[in-house]
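K.L.:
Make a model of this:
(2 chains)
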Amino acid sequence: MRILIATDNSPAANHAVRFAALLARPAAAHVTLLGVGWPHPDPAWGSRLEALAHELYADSACQVEVKVRHGDSEQQILAETQEHPYDLVVVGSQRPGGLRRWVTGTASGLARSLGQRLNTSLLVVREDRQQIRRVLICTSGEESGERDARAGGLVAALVGAEVVVLHVMSQVALTPDARIEYLEQDADQLMASEAREGVHFRRVMDILEEVGVPEGRRRARVRHGLVLDEIKREASEGDYDLLVIGAHQIPEDRSWRELRAMLQENLADEILEEIPRPVLVVRATGAGAWSIRPPTQAAKPDSGD
Amino acid sequence: MNVPGLSLLNRVSWRKVGIFAGGMLLFILALELMKSGARGLAPFIRETLTVTNPVNGLGFGWLFAYGVMSGSPVAAASLTFFDAGAVDATTAFAMITGSRLGASLIVLVLGMIYVLRGHEKVASLTTGLLSLIVTATIYIPALPIGLALLSSGFLSRTNLDPNNGVASFIDVIYGPPVALAERLLPHWMIFLAGLGVVIVAFNLFDRALPELKLTQSAFDSIPRLLYRPAVTFALGLGITMLTMSVSVSLGLLVPLSVRGYVRRENLVPYIMGCNISTFVDTLVAGLLLRNPVAAGIVLAEMASIVIVSAIVLLFFFRPYERAVLRFAAWLTRAQDRTLIFFGLLLVIPLALLVVR
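P.N.:
Purely as a prediction, here's the structure:
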């Protein structure tokens, strides 16, 4: 697995660098630690990154490479991902202060912009998390949700985390003749039924088992209400260390891409904006090739020390 | 030989075109009958029912819509009352608003019938409740704006009366039967006949709509996606331009979803959009009455609702949506609340009608 960890030495970026190590170490990943955000060459910056890489990965099986690129952070990260293939990009997200937060929202412009433009999966870290004990996988109930669950499950299996798969039932019946019995059921009831959501949950549970999340450490959950509100509520009530969501796929055709951006809500964007937890935004092109397996078959939780 | 123009003509359902044309002819007849009948009903409206101000008008339109189980005929009737001098412009304006509030309850009553038949309460009532709450929370703040627009005289200056050709067509075709009715029937009976004909006309308009059969099609995933509020708002606005009815526009979404579901996120702005263009038929009625102020009343109604909807959409849509959904959920959570709410929906318009 190839991970690109971008840092501008901000507090949020430092949280991201350390959080990424929680995944990269057990995956024995090929890590590129990329220094960005310095407009002019600074030799001290490279050596600081070398020291950080040594501190985090010296006793791991990871291959670590340190790079520094000068210029606009976003452009440099995008250029790096275009020049070299990565399965995952990790960035920190600084909460803008004062007036800027009011104007631009709470997530950093970099995280949101990368979320829309990167062709690979993105992990955004906003706060310091020392370990990954609980993972929340948010699924739309569609086929793409299975892909997101596989990616989230692989991460959870690597670190030995507990997984909750969340689907939000935001639908209401248009007519009383509609199949209203499914609208108020919980996950167990749905899984015992032939409802589309039940079938989806059963498939996702099979996927989680397949990727190494044992029974007892995985469960399905349904909430009823507005999608974003319920995800926010679950994220805060469940004290999750990582949220996994699917990203819109980026169509090749630019006009179609713009039309869709105009018509559809971008939930990933809103989650990055409103939920101050580490968020893994899964994109098919990267996640399809995900092969995060520990070098030895046993997926032992990594202590991180 | 395949001629594109001919193949398009072949696809047109001429039966539906005929039904629509028939509906339109009956709609004009109904307006002429109601206009004629309303002239004799002025004392009854003003003195017996004491509909003398916008508050009374709001209550009257609301209760009248319960009586005929629909809003559009009442909105058209309100304009004929104005045209006949039975009510002033502001009262007619409030009466039209009341008609839409009353019409929203009809959807809810249908849901309640399903509950009584043993269906699950929350699921059966949610769409109707949302429709009513969205309508009330947009229309009521729009009332003072619309009244201010009317008082300014800005909209009545708009020249919207149809050309003389249409006017003389109506006089030639509908003059003799209306004159005959005036000779044979009392005013109240002519008005009731007009009301009956307008209900038939609206039924014909509903039957003229194309049938959508999109289940299990390439569009299957469309209803499951989340759209930006402005998109579903525009969709509701556009569709109701054709259907002219909020409940019919909601019904048109049913074939799009295999299970008859719609996302809450998409539903609220859709209803907001429907609530604007549902006045298209009333606007047509205003134009056909050949009274520019009548058309101005409808334009004030539409403009005020557009203003309130735009403010909500642009500045606080999410809090508004949450509040609406929370209130609907709160109402359906306990049976006594639901019953009290239904009771209030009868008591409030009655109280508005008797306010002096």
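K.L.:
burial of A:M262, as a residue count?
P.N.:
Here the count is done by other C-beta atoms under 10 Å in any protein chain shown, and A:M262 has 11 residues near it. For the C-beta atoms, the positions are set from N, CA and C on the backbone; glycine is no exception.
K.L.:
List the residues that contact it.
P.N.:
A:M262 sits next to B:228, B:231 when contact means C-beta atoms under 8 Å, 6 or more residues apart in numbering or on different chains.
K.L.:
Now it: which helix or strand?
P.N.:
Applying DSSP states H and E as the criterion places A:M262 in helix A:254-263.
K.L.:
Please state the mean pLDDT value computed over that helix.
P.N.:
Here helix A:254-263 scores 75 as its mean pLDDT.
K.L.:
Residues in contact with stretch B:190-200: which ones?
P.N.:
Outside stretch B:190-200, the residues within contact range by C-beta under 8 Å, 6+ apart are B:26-27, B:29-38, B:40-41, B:68, B:70, B:72-73, B:76-77, B:80, B:178, B:181-182, B:185.
K.L.:
Could I get the buried residue list for it?
P.N.:
B:190-195, B:197-200 (16 or more other C-beta atoms under 10 Å in any protein chain shown).
K.L.:
Go through these and name the one nearest B:W62.
P.N.:
Top of the list for closeness to B:W62, among the buried residues of stretch B:190-200 and by C-beta to C-beta, is B:L195 at 16.4 Å.
K.L.:
and the closest one, that's in a helix?
P.N.:
Yes. Under DSSP: H, G, I helix; E, B strand; the rest coil, B:L195 falls within a helix.
K.L.:
Please tell me how far it sits from chain A.
P.N.:
28 Å (C-beta to the nearest C-beta, to the nearest Å).
K.L.:
What of B:K16?
P.N.:
With C-beta to the nearest C-beta as the criterion, B:K16 and chain A are 23 Å apart.
K.L.:
Then B:I297?
P.N.:
B:I297 sits 32 Å away from chain A, taking C-beta to the nearest C-beta as the criterion.
K.L.:
thought that residue was touching B:F93?
P.N.:
Yes. If you go by C-beta atoms under 8 Å, B:I297 and B:F93 touch, sitting 5.1 Å apart.
K.L.:
so what's in contact with those two at the same time?
P.N.:
Joint contacts of B:I297 and B:F93 (C-beta under 8 Å, 6+ apart) are B:L150.
K.L.:
tally of neighbours for A:H224?
P.N.:
A:H224 has 17 nearby residues by other C-beta under 10 Å.
K.L.:
So, low pLDDT: which residues of chain A?
P.N.:
Applying pLDDT under 70 to chain A picks out residues A:39-41, A:95-108, A:176-177, A:249-253, A:285-305.
K.L.:
Could you rerun that using 80?
P.N.:
A:37-43, A:94-110, A:112, A:115-117, A:174-181, A:248-261, A:266, A:284-305 (pLDDT under 80).
K.L.:
OK, now which residue of it is nearest to chain B?
P.N.:
For chain A, the residue closest to chain B is A:A178, as judged by C-beta to the nearest C-beta, at 2.8 Å.
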